[in-house]
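**Q** Okay, sequence plus prediction incoming.
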Amino acid sequence: MPTPYAYFQGGIVPLSEAKIGIMTHAFNYGTAVFEGIRGNWNEEAQTTYLFRTREHMERLGQSAHILGMQMRDSVDKLCEIAVELVERSGFTEDVYLRPMVYLSGEVLGVRLHNVDVDTLIFLSPFPAYLPETARCHTSTWRRVQDTGIPPRAKVTGIYVNSALAKTEAQANGFDEAIMLNENGHVSEGSGENIFMIRHGQLITPGPADNVLEGITAKSVMQMAADDLGIEVVQREIDRTELYIADEVFMTGTAAHLTPIVEIDRRTVGEGRPGQITSQLSELFYDAIRGRSEKYKSWCTPARARVAR
């Protein structure tokens with residue numbers, strides 16, 4: 001039987017033994033940064049492929065730096081630990097890894113200084129996050145802005161903002177939220193970047209729209225330009241532009257690449273995945289499961305060590 005493991009307090013232990021105290025600063029104040037890394041199972045190769053592990057660990061370091069935290073481990077070491085966890089745990093299905101840098105001191109007081117910092121990583125089986133095609137709702141909750149909580153950092157506390165939007169969307173019968181920024185322009189989903197196809201261009205909001213600079217999004221933009229010859233544009237998008245877009249989709253570690261077929265009860269395009277979205281989806285899923293020679297460097301293979 002697969003057994004999930006974690007990297008905790010400098011060592012690898014069964015996940016069931018990785019516990020924090022209730023006074024831990026990060027638990028009380030949301031003072032942690034994190035990443036999400038997909039391990040995509042390839043049945044034919046009997047291998048799990050971790051998608052862009054180094055880029056995720058580098059972004060973890062950038063998030064920590066924004067909050068003034070010092071990672072205790074190097075990016076190289078964290079990448080090695082991620083593979084070790086997958087191989088030891090032995091899952092033969094898709095998994096999700098959660099690296100985190102957090103204020104581990106058991107102290108009270110709102111601050112980021114003079115509190116111990118630690119790093120952990122755990123993993124868990126992770127099925128599809130969104131349906132094959134999704135229906136979206138424009139949230140009444142606005143995306144955080146850089147003058148409040150820095151959106152370029154994956155701060156745990158930020159995700160209350162995302163959770164409010166996600167719950168609102170699902171309470172209204174939709175699959176996912178679309179969040180606007182304080183200027184009323186499209187920012188992102190509750191945990192995804194958003195793209196639209198209009199006039200033959202692939203268009204997505206830029207960093208100034210308070211998006212998280214997505215690793216999956218960057219990968220898809222590269223595929224669109226290099227493999228399909230599509231012009232990629234980062235610019236402001238108005239809410240109503242999404243209504244009249246030819247195609248819309250979302251990308252993210254959890255969501256992969258998900259076509260959006262309805263927004264605010266308005267059909268997107270023909271109400272099914274469009275041609276460009278379908279082409280990108282095929283390229284992307286081949287890449288993340290290690291089936292694309294061109295993008296093999298994006299994937300880190302890990303093989304389960306336990307007997308089946």
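**A** Cool, the structure landed. Numbers count the residues shown, from 1 in each chain.

**Q** show me where pLDDT drops low in the chain?
**A** Per-residue confidence for the chain (pLDDT under 70) gives these ranges: 306-308.

**Q** What ranges does it have for its helices?
**A** 25-29, 53-66, 75-89, 159-171, 215-228, 239-243, 275-288 (DSSP state H).

**Q** Those helices: which one's closest to residue 121?
**A** Closest to residue 121 of the helices of the chain is helix 75-89 (Cβ to Cβ; 5.9 Å). No exception for glycine: its C-beta is placed from N, CA and C like everyone else's.

**Q** Tell me who's in contact with the residue nearest to residue 100 when sequence neighbours are not counted.
**A** Counting by Cβ to Cβ, 6 or more residues apart in numbering, residue 100 lies nearest to residue 34, which is 4.3 Å off, once chain neighbours are set aside. Listed by Cβ atoms under 8 Å, 6 or more residues apart in numbering, the contact partners of residue 34 are 60, 63, 98, 99, 100, 101, 154, 156.

**Q** go again using 7 Å as the cut-off
**A** By Cβ atoms under 7 Å, 6 or more residues apart in numbering, the contact list for residue 34 reads 98, 99, 100, 154, 156.

**Q** next one: residue 230
**A** Applying Cβ under 7 Å, 6+ apart to residue 230 gives the contacts 202, 224, 276.

**Q** Show me what the spatially closest residue to residue 242 that is not a sequence neighbour bridges to in the sheet.
**A** Once flanking residues are discounted, residue 242 sits nearest to residue 263: 5.3 Å by Cβ to Cβ, 6+ apart. Bridge pairing for residue 263 (DSSP bridges) gives the partners residue 136, residue 266.

**Q** So what's the residue count around residue 286?
**A** By other Cβ atoms under 10 Å, 14 other residues sit near residue 286.

**Q** From residue 49, how far out is it?
**A** The gap separating residue 286 from residue 49 is 11 Å, by Cβ to Cβ, to the nearest Å.

**Q** Next: residue 110.
**A** Distance from residue 110 to residue 49, counting by Cβ to Cβ: 41 Å.

**Q** And these two? Which one has more around it.
**A** Neighbours around residue 110 and residue 49, counted as other Cβ under 10 Å, are more numerous at residue 49. The numbers are 23 against 8.
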